[in-house]
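[1] Kindly generate the corresponding structure for this input.
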Amino acid sequence: MRHDTPTLLLITASSPEIQKVRRARVLNFQQITMPYLAAWVPAHWTVRHVDEAVEPVDFEAAADLVAITYHTPSAPHAYDLAARFRHRGITVVLGGPHVTLMPGEAQEHADVIVAGEAEETWPLFLAEFEAGSHRSRYCAKELPSLSQAPMSRKDLFHRRDPTAGVLFATRGCPHRCDFCTVAVMYQSCLRKRPVEAVAREYASFRGKVIILWDDNIAGDIGYAKELFRALTPHRKWWSSQASIHAAHDEEFLELAARSGCRQLFLGLESVSQASVNEVAKGFNRVDEYARAIERIHAHGIAVQAGIVFGFDGDTPAVFEQTLDFLETVGVQNATFNILTPFPGTRLHARLEAEGRILTRDWSKYNGRADVVFRPRLMSPESLLAGYRYANQRFYSCRSLMRRWSKSPVEWPWVLPLNLAYLLALRTRTRS
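    Below you'll find the model as predicted:
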């Protein structure tokens, strides 16, 4: 039995390589995994959080326990962090998306792993650790309810970004797209926090701009409408991710706009119907994209399009076709990604069976700087070049003016971001 006050060091791992990639994205919102898990830690523990996007890890820091969360491209780096603390005799627990996708691999680099969602297993592990009887693996047997989800600990937020705060209302997505890790980690099941609890946390942030860190805020349209009604009195601005279904419900859009929604991220993925069908996202109807974006814009809500390049039907012509479409419909922002077959997904299993995976160096699974599989109708080099062309063209002055002329949305919300991306891309090109 431990009689002293345990000291816990939480680390949000971010490798130097992924930090370099993410600098070109301009916005890197506060990650909330560790501040959220800290809210489950008993009050008598001492808790410190290091977010590597903000500060380096102090390997001489006093700690009884080190917990590290990480995504796939930071996995090799996270294992190096773990090794250095374990060398000092400190117990290291690993968790996060990559651990859930690759628990066997993670176990080789940790004293303890927490796979899956942690609302039940994390408090159990902490109690057993303090009692001196912990196990080496904790795996969630069932998807936990979010009915008792606490507020994240704001004192452990360290990133400086344009938002006042981040929180989540729902977790998961009801769809099962082949390339999506969310579908694997959360078993295509949507869970929801009580509306009153979300509204209370939303109101607790002092500033104006809030990010709802949901996988799909439109996953349950009825719940979303109830949530928007509860958020409206607080007179803040917010942004979140949504499936394109959101554009088909006029009341959803009206309530979202009234509650302060200023931008929705839509996972369009491709302007080719064959491509979205290929990855089990056929519910995206490409021929309805323009009308859907028009409806969202009509409510004063900006659109950030999520686009992926590298599907089996993609030829080198896809880059220009995509940019032509985005400029024609006046999309305010776009996030471009290279198709990346993350381990555990059906996409990875298919490409591996076809012998098309080029590397298992997880540091290259970043979706922006490297191509890790062999595309069907172009070379890896052509895919990377096309991705770079898309970014440079979209965030050019010419494209900005063309999109601005087609958009009815007030641009003060999104113009600074466009200019920041333009500057970042020019700086990166010169370096």
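
[2] Low-confidence regions, this protein specifically.
    Within the chain, the segments meeting pLDDT under 70 span 1-3, 24-27, 411-413, 421-431.

[3] and it, what are its domains?
    Residue ranges for the domains of the chain, per automatic domain parsing: 7-139, 162-430.

[4] Where does the closest residue in space to Glu327 that isn't next to it in sequence sit, in terms of helix or strand?
    Once flanking residues are discounted, Glu327 sits nearest to Arg402: 4.8 Å by C-beta to C-beta, 6 or more residues apart in numbering. No exception for glycine: its C-beta is placed from N, CA and C like everyone else's. For Arg402, the element it lies in under DSSP states H and E is helix 397-406.

[5] for that helix, packing partners?
    Counting contacts by 3 or more C-beta pairs under 8 Å, 6 or more residues apart in numbering; DSSP states H and E, helix 397-406 packs against helix 318-329, helix 415-430.

[6] Kindly calculate the angle that it makes with helix 318-329.
    Helix 397-406 runs at 40 degrees relative to helix 318-329, counting by axes from the mean of the first three to the mean of the last three C-alpha atoms, to 10 degrees.

[7] which residues sit against helix 397-406?
    For helix 397-406, the external contacting residues (C-beta atoms under 8 Å, 6 or more residues apart in numbering) are 323, 326-332, 393, 411, 415, 418-419, 422.

[8] Could you double-check that Val195 lies in contact with Leu227?
    Yes: using C-beta atoms under 8 Å, Val195 is in contact with Leu227, at 5.2 Å.

[9] Touching both of these two, which residues are there?
    Shared contacts of Val195 and Leu227 (C-beta under 8 Å, 6+ apart): Ala169.

[10] Using JSON lines, lay out the contacts of helix 397-406 together with neighbour count.
    Below are the contacts of helix 397-406 laid out as JSON lines (neighbours: other C-beta atoms under 10 Å):
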{"residue": "Leu323", "neighbour count": "22"}
{"residue": "Leu326", "neighbour count": "28"}
{"residue": "Glu327", "neighbour count": "20"}
{"residue": "Thr328", "neighbour count": "12"}
{"residue": "Val329", "neighbour count": "19"}
{"residue": "Gly330", "neighbour count": "20"}
{"residue": "Val331", "neighbour count": "25"}
{"residue": "Gln332", "neighbour count": "24"}
{"residue": "Arg393", "neighbour count": "17"}
{"residue": "Trp411", "neighbour count": "14"}
{"residue": "Leu415", "neighbour count": "13"}
{"residue": "Asn418", "neighbour count": "22"}
{"residue": "Leu419", "neighbour count": "14"}
{"residue": "Leu422", "neighbour count": "19"}
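
[11] Dump these into a markdown table; add distance to Asp155 as well.
    A markdown table is the format used below for the contacts of helix 397-406 (distance: C-beta to C-beta, whole Å):
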| residue | distance to Asp155 |
| --- | --- |
| Leu323 | 43 |
| Leu326 | 40 |
| Glu327 | 43 |
| Thr328 | 46 |
| Val329 | 42 |
| Gly330 | 41 |
| Val331 | 37 |
| Gln332 | 34 |
| Arg393 | 42 |
| Trp411 | 35 |
| Leu415 | 33 |
| Asn418 | 33 |
| Leu419 | 33 |
| Leu422 | 35 |
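
[12] on that earlier part again, Val195 and Leu227: which has the busier surroundings?
    Ranked by neighbour count (other C-beta atoms under 10 Å), Val195 and Leu227 place Leu227 first, with 26 against 17.

[13] circling back to that earlier point, and the residue nearest to Glu327, how close does it get to Leu124?
    As for Arg402, its distance to Leu124 is 55 Å (criterion: C-beta to C-beta, to the nearest Å).

[14] again, but for Ser272
    Ser272 sits 46 Å away from Leu124, going by C-beta to C-beta.
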